[in-house]
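1. structure of the sequence below:
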Amino acid sequence: MLRATEFEQDCYAEAITICFDQKRFASAWNWIQRNKARILSDMLRVGVVIPEYLRVKIEGTEEMAQLLCEETSLVRRLDNTSGEYSLGLRYELGMLRNRMRQFPLLAELLASRDGNSETLEDLDWLFKNDPMSEKIRVVDWMYVNNKIYIVIVGNERNPEMEEVQNEVDLNDWVHEYIFDEDKSGG
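-> Alright, predicted model coming up:
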């Protein structure tokens, strides 16, 4: 599983800044998503925290709930086992997680823990076959070195990126860049 260190966080921040300076906004989007996925992975890695919407759906199906319970038990056993004894448990955990990936909800949970990030292509579901898709905007942001970088993605998946100084009122920014008909294409 992924774990973000301070050095890695600095690398993400530097990559995002470089992408912004070089106007490589699609790459910046990917770096922001990787960073957020890494942070989420760190938060979920223990397996104790499961997003509520997933937990409810998983517990609603006996087979998925049983697999999750088995995983929790194996992880606890692994935490209390060392050396060569852990090798068999790690293999068993890997096999169990392969079975878990057969269920979309468990696969989503495992992907979150693994730090998988969203790509621009992953947004297809949002824009596909929707007559209003030309008006849809996905907005993401990241705070880096006292600046806020905001990325806006529309149905053409060609991101735009803005740097907003920390002292700027974000409400003004949203009205100018999101709701302004001329800039949003709407």
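
2. name the nearest residue to the spatially most central residue of the chain, sequence neighbours excluded.
-> By CA atoms, centre = their mean, the chain has its centre lying nearest to residue 37, at 3.6 Å. Spatially, and ignoring its direct neighbours in sequence, residue 37 is nearest to residue 117 (3.8 Å; CB to CB, 6 or more residues apart in numbering). No exception for glycine: its C-beta is placed from N, CA and C like everyone else's.

3. using the three-state scheme, assign that neighbour.
-> Assigned state for residue 117: coil (three-state reduction, DSSP: H, G, I helix; E, B strand; the rest coil).

4. can you pull out the strands in the chain?
-> 138-144, 147-153, 160-165 (DSSP state E).

5. most tightly packed of the ones you listed?
-> Most buried of these by mean neighbour count (mean count of other CB atoms under 10 Å) is strand 147-153; its value is a mean of 20.

6. quick one: distance of that one to the chain centre.
-> 16 Å (CA atoms, centre = their mean, to the nearest Å).

7. so what touches stretch 60-68?
-> Stretch 60-68 is contacted by residues 50, 58-59, 96, 99-100, 103, 105-106, 109 when judged by CB atoms under 8 Å, 6 or more residues apart in numbering.

8. of these, which belong to helices?
-> 58-59, 96, 99-100, 105-106, 109 (DSSP state H).

9. just to check, residue 118 is in contact with residue 34?
-> No: under the criterion of CB atoms under 8 Å, residue 118 makes no contact with residue 34, lying 9.4 Å away.

10. the two: which is more packed in?
-> The neighbour count for residue 118 versus residue 34, taken as other CB atoms under 10 Å, is higher for residue 34 (20 against 16).

11. now do that one against residue 11, distance only.
-> As defined by CB to CB, to the nearest Å, residue 34 lies at a distance of 10 Å from residue 11.

12. same check, this time on residue 85
-> For residue 85 relative to residue 11 (CB to CB), the value is 35 Å.

13. contact partners for the residue nearest to residue 100 when sequence neighbours are not counted?
-> Of all residues not flanking residue 100 in the chain, residue 106 sits nearest, at 4.1 Å (CB to CB, 6+ apart). By CB under 8 Å, 6+ apart, the contact list for residue 106 reads 58, 64, 67-68, 100.

14. chain center to stretch 32-42, what's the gap?
-> Here stretch 32-42 is found 5 Å from its chain centre; the criterion is CA atoms, centre = their mean.

15. quick one: the helix ranked longest in the chain to strand 138-144, angle?
-> Using DSSP H, we find that the single longest helix of the chain is helix 25-44. Angle of helix 25-44 versus strand 138-144, following axes from the mean of the first three to the mean of the last three CA atoms, to 10 degrees, is 70 degrees.

16. helix 25-44 - contacts with which helices or strands?
-> Secondary-structure packing of helix 25-44 (3 or more CB pairs under 8 Å, 6 or more residues apart in numbering; DSSP states H and E): helix 6-21, helix 104-114, strand 138-144, strand 147-153, strand 160-165.
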